[in-house]
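Need a 3D model of the following:
(one chain, ligands or ions: 2)
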Amino acid sequence: MNKEAKIYIAGHRGMVGSAIKRKLEQEGFTNFVTRVSSELDLRNQQQVADFFEQEKPVYVFLAAAKVGGIVANNTYRAEFLYDNLQIQNNVIHSAHLNGVEKLMFLGSSCIYPKMAPQPLEEDYLLTGPLEETNEPYAIAKIAGIKMCDAYRAQYGCNYISVMPTNLYGYNDNYHPQNSHVLPALIRRFHEAKEQDLSSVTIWGTGSPKREFLFADDLAAACYYLMENYNEPGLVNIGTGEDLSIKELAELVKETVGYEGEITFDTSKPDGTPRKLMNVSKLHSKGWKHTIELPEGIKLAYQDFLSKQTVSQ
Ligand SMILES: NC(=O)C1=CN([C@@H]2O[C@H](COP(=O)(O)OP(=O)(O)OC[C@H]3O[C@@H](n4cnc5c(N)ncnc54)[C@H](OP(=O)(O)O)[C@@H]3O)[C@@H](O)[C@H]2O)C=CC1
Ligand SMILES: C[C@H]1O[C@H](OP(=O)(O)OP(=O)(O)OC[C@H]2O[C@@H](n3cnc4c(=O)[nH]c(N)nc43)[C@H](O)[C@@H]2O)[C@@H](O)[C@@H](O)C1=O
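Ligands and ions are numbered 1, 2, ... in the order given. The predicted structure is shown next:
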């Protein structure tokens, strides 16, 4: 990537977009164009067309999306499908019309079939039925991968797709119902400790297994692939290690310093039983994560606490 070229990070205020911006700044990039959603609604075709026509970015990181945890995905099914299709269709098509040199599309590990063999290899895409709770989101993300590949095949666009595993980090969403599990547990254990509660309830059975990657590691991988990867298809980004939700809860409990019990609300969905990424392709390209889960949870908890202080 040319250090002077204009870079558009869609979703620069989000957890991933802000981590990508930090990484690029560390690498010496300075020429960013950004818009928050209230200035540029990426679902709006005309607004996106006008923005690209006016700004003519050279590189695009597409990290804007309707995002949330298992219950948000299952509740706002229409929005997860409509918003995400609109955002990615508008951005990818406008990038093509305005000669964007390279674009990165961010998908998700939920694109793989619910019962796919583990660990998940890139070529398991479209080999079986999806997990019901996040099917609309997954369908949109699969369309994004196919759109990048179609624009590459027909127009020669250098658009690449990466599939991050479950993420956490700075600027995460701590909404009690709509967030992902890790920020939800940080908040719940913290509040239970503050209020001296005797137990904390976590959703589901605790038996599903998940893999977690710190968002700054993801950003480093995205930058690495933007520099070194120019192929169709997809690349998994993860650690290649997972743990059960019960084990995760124990880890968060310990980090927060909560001493009560953990109980399970089995009326809440478990979702996919397991989604461990096979990261051989990523490793073979020369990139590996650096932040292990216990350290990452400490960093995320510090970030959570610093925002509590500001909002008080
Ligand atoms: N978090 C996770 O665990 C995972 C995330 N991903 C993917 O990574 C990407 C980023 O996710 P993450 O950072 O966690 O999400 P966040 O919710 O933190 O950020 C999403 C960003 O998208 C922007 N956005 C949403 N809707 C619109 C819109 N209509 N117009 C313009 N901007 C919009 C928001 O902008 P604004 O702030 O201006 O409103 C926001 O900053 C997504 O593609 C997601 O699917 C993939 C795997 C796991
Ligand atoms: C990143 C990924 O995120 C979503 O999929 P998910 O992996 O199922 O994500 P999750 O983080 O919400 O849950 C992980 C597990 O954890 C359990 N769990 C326990 N207690 C809480 C809890 O308090 N909150 C949440 N959210 N989950 C909890 C929960 O029951 C589940 O078994 C996709 O919809 C899709 O958006 C996507 O791509």
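
do you know how far the residue in the chain that ligand 1 sits nearest to is from ligand 2?
Of all residues in the chain, the one sitting closest to ligand 1 is G14 (2.0 Å; CB to the nearest ligand atom). Any C-beta I mention is one placed from the backbone N, CA and C, and that applies to glycine too. The spacing between G14 and ligand 2, counted by CB to the nearest ligand atom, to the nearest Å, is 13 Å.

now the residue lying closest to Y170 once chain neighbours are set aside, what's its secondary structure?
Take Y170 and drop its neighbours on the chain: the residue closest to it by CB to CB, 6 or more residues apart in numbering is D303, 4.8 Å away. Here D303 is recorded as helix under DSSP: H, G, I helix; E, B strand; the rest coil.

neighbours around D303, how many?
18 (other CB atoms under 10 Å).

Compute the first-to-last residue distance for stretch 154-163.
23 Å (CA to CA, to the nearest Å).

If you count neighbours, what's buried in it?
Going by neighbour count (16 or more other CB atoms under 10 Å), the buried part of stretch 154-163 is C157, N158, Y159, I160, S161, V162, M163.

closest to ligand 2 among those?
Among the buried residues of stretch 154-163, and counting by CB to the nearest ligand atom, the member closest to ligand 2 is M163, at 9.3 Å.

in a strand, that's where the closest one is, yeah?
Yes: judged by three-state DSSP, M163 forms part of a strand.

Give the bridge partners for it, please.
Under DSSP bridges, the beta-bridge partners of M163 are N236.

what's it in contact with, if anything?
G107, S108, S109, I111, E122, L234, V235, N236, I237, M277 (CB atoms under 8 Å, 6 or more residues apart in numbering).

What separation do you get for the residue lying closest to the last one once chain neighbours are set aside and ligand 2?
Excluding the flanking residues, the one nearest M277 by CB to CB, 6+ apart is G238, at 3.5 Å. Look at G238 and ligand 2: by CB to the nearest ligand atom, they are 11 Å apart.

what number of residues lie near the residue of the chain closest to ligand 1?
That count, for G14 with other CB under 10 Å as the rule, works out to 20.

And the one 3 residues further on, by the same measure?
Other residues within reach of G17 by the criterion other CB under 10 Å amount to 23.

swap in G240?
Neighbour tally, G240, other CB under 10 Å: 18.

Is it in a helix, a strand, or coil?
coil.

What does the pLDDT read for it?
The model reports G240 with a pLDDT of 98.

first vs last residue of stretch 107-126, how far apart are they?
14 Å.

got it, and stretch 156-168?
First-to-last residue span, stretch 156-168, CA to CA: 34 Å.

and it, what's its mean pLDDT?
Throughout stretch 156-168, pLDDT has a mean value of 98.

Make 16 the starting number, not 1.
Understood, numbering begins at 16; the last thing we discussed is stretch 171-183.

re the thing from before, which of the contacts of M178 fall in helices?
Among the contacts of M178, DSSP state H puts none in helices.

can you narrow those residues to ones near ligand 1?
Contacts with ligand 1 are made by S123 out of those, judged by CB under 6 Å from any ligand atom.

does any part of stretch 180-197 sit near ligand 2?
Yes: Stretch 180-197 is in contact with ligand 2 by CB under 6 Å from any ligand atom, via N181, S194, H195, V196.

what residues are up against the first one?
Under the criterion of CB under 8 Å, 6+ apart, the contact partners of N181 comprise S124, H195, V196, L197, R225, E226, F227, L228, K290.

List the contacts of the helix or strand harbouring L228.
Here L228, judged by DSSP states H and E, is contained in strand 227-229. Contacts to strand 227-229, defined as CB under 8 Å, 6+ apart, come from residues 179-184, 197, 252-254, 263, 304, 306, 308, 311, 314-315.

just to revisit the earlier point, what's the most distant pair in the residues of stretch 180-197 next to ligand 2?
Across the residues of stretch 180-197 next to ligand 2, no pair lies farther apart than N181 and S194, at 11.5 Å, counting by CB to CB.
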